[in-house]
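1. Pasting the sequence and the predicted model now:
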Amino acid sequence: MQTKTLVTREEYFDLLSKSDVKLEYHSGEVVAMAGAQPVHNIISANLIGEFIYCLKKKGCIVFTSDQLIKIEKCNKYTFPDLVILCAKPIYEKAPHGLNALENPEIIIEVLSDSTERYDRLEKFDCYKTISSFREYVLVSSKNKKIEVLVKRNEAEWLSHTYTDDRENILIGNCSILLGDIYNHVDL
């Protein structure tokens, strides 16, 4: 039987400050994040470009996958693929310099075989405990499919799935053509 070695938040931040790879914190367990496939990286870069262009004069910030997010109620720290925030950022100050965003509004995850189940279920359930969180976007890296889940109230999320290259996807204050998100991606 394999046993897990649990660490405190302080020990996690110490490990994170010395690590060459991204480390997430899951209730005392430290999880190393694997690198991504080229398709994942192209989709992420396309999304960043579209959001930077759309939001540059709207007072919003686009965070890349290097921004740590604090999920207090789940005792987790994660690195989503993209985060959008149109309010003033609130950070938990880390003892070793990597501050965690506490008030994400829109979180975007590019799905892979190894992360899809976790992103859809456990991670989404944890994100929902963040009071500022209002929109979740799941982007497939296996086929042209984007799911946008918008918070209507504490118990209800409205879901819309997009699959046509010519569809405009409304994410926050941005309308983005699905084909532009999958530009240079062969699926």
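-> Done, it's in.

2. packing partners for the biggest helix by length in the chain?
-> Secondary structure of the chain per DSSP state H: the longest helix is helix 38-55. On a contact count with 3 or more CB pairs under 8 Å, 6 or more residues apart in numbering; DSSP states H and E, helix 38-55 meets strand 61-63, strand 82-85, strand 106-111, strand 174-177, helix 178-181. Just so you know, the C-beta spots here come from the backbone N, C-alpha and C atoms, and that holds for glycine as well.

3. Pull that helix out as CSV, backbone CA atoms only.
-> Extracted C-alpha coordinates of helix 38-55, given in CSV (Å, rounded to 0.1, in the frame of the first residue of the first chain):
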residue,chain,number,x,y,z
PRO,A,38,1.0,21.2,-29.2
VAL,A,39,-2.8,21.3,-29.9
HIS,A,40,-3.4,22.4,-26.3
ASN,A,41,-0.7,25.1,-26.6
ILE,A,42,-2.0,26.4,-30.0
ILE,A,43,-5.6,26.6,-28.6
SER,A,44,-4.4,28.4,-25.5
ALA,A,45,-2.4,30.9,-27.5
ASN,A,46,-5.3,31.6,-29.9
LEU,A,47,-7.6,32.2,-26.9
ILE,A,48,-5.1,34.5,-25.2
GLY,A,49,-4.8,36.5,-28.5
GLU,A,50,-8.5,36.8,-29.0
PHE,A,51,-9.1,37.9,-25.4
ILE,A,52,-6.2,40.4,-25.3
TYR,A,53,-7.6,42.0,-28.5
CYS,A,54,-11.2,42.0,-27.2
LEU,A,55,-10.6,43.2,-23.7
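
4. what separates it from the chain centre, distance-wise?
-> Relative to its chain's centre, helix 38-55 lies at 13 Å (CA atoms, centre = their mean, to the nearest Å).

5. which residues touch that helix?
-> Here helix 38-55 makes contact (CB atoms under 8 Å, 6 or more residues apart in numbering) with 36, 61-62, 64-65, 81-82, 84, 86, 108, 110, 112, 139, 141, 171-176, 180-185, 187.
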